[in-house]
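Asks: Quick one: sequence and predicted model below, then my questions.
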Amino acid sequence: MKSEKILQKINSFQYAGQKLNYLRKIDPFVFEELLLSAYQKRDYSIVRNQKYTGDGGIDGLVYDKDGNEILIQAKRYSSYVNPKHLDDFLNLVNSSSAIKGKFIHTGKTGKQTYSTYKNSNIEIISGSRLLTLLNTV
């Protein structure tokens, strides 16, 4: 329910920068819920964590229409993505049974970072792609 209120608030802003700035300020657990709800609305099956802390770096599980497991990692940044977080998540995905992972964050992703991970099994979602996922554009 709180994630619905957050979406309403985000949609009240006119500009993408305002929306992203607001997302950076919300509770990190609410941000996780917001992302999982967005996937659920897109007809993915989701599995929420039983607890938010000590989740081992997995903020949720999403299953596509073929039943493939996708790991979700949610981060709120005000600046550029931390490459160590991407490396840690990539190692986690590679050691799991998931077919891929989605690293979703509120910060900026540099061209070099996209280039480094484009052929890996993690997808980086930020900026306009994050707003599209949340259906706020």
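Replies: Sure, I can see it.
Asks: Can you tell me the SS state at the spatially most central residue of the chain?
Replies: Nearest residue to the geometric centre of the chain (CA atoms, centre = their mean): residue 104, 2.7 Å. Three-state assignment for residue 104 (DSSP: H, G, I helix; E, B strand; the rest coil): strand.
Asks: For residue 46, give its distance to residue 97.
Replies: 17 Å (CB to CB, to the nearest Å). Just so you know, the C-beta spots here come from the backbone N, C-alpha and C atoms, and that holds for glycine as well.
Asks: and the two? which has more neighbours close in?
Replies: residue 46 (17 against 8; other CB atoms under 10 Å).
Asks: Surely the more buried one and residue 63 touch.
Replies: Yes. At 7.4 Å, residue 46 counts as touching residue 63 under the criterion of CB atoms under 8 Å.
Asks: quick revisit: in contact with the closest residue to the residue nearest to the centre of the chain other than its chain neighbours: list those residues for me.
Replies: Once flanking residues are discounted, residue 104 sits nearest to residue 125: 4.4 Å by CB to CB, 6 or more residues apart in numbering. Residues near residue 125 by CB atoms under 8 Å, 6 or more residues apart in numbering: 102-105, 133.
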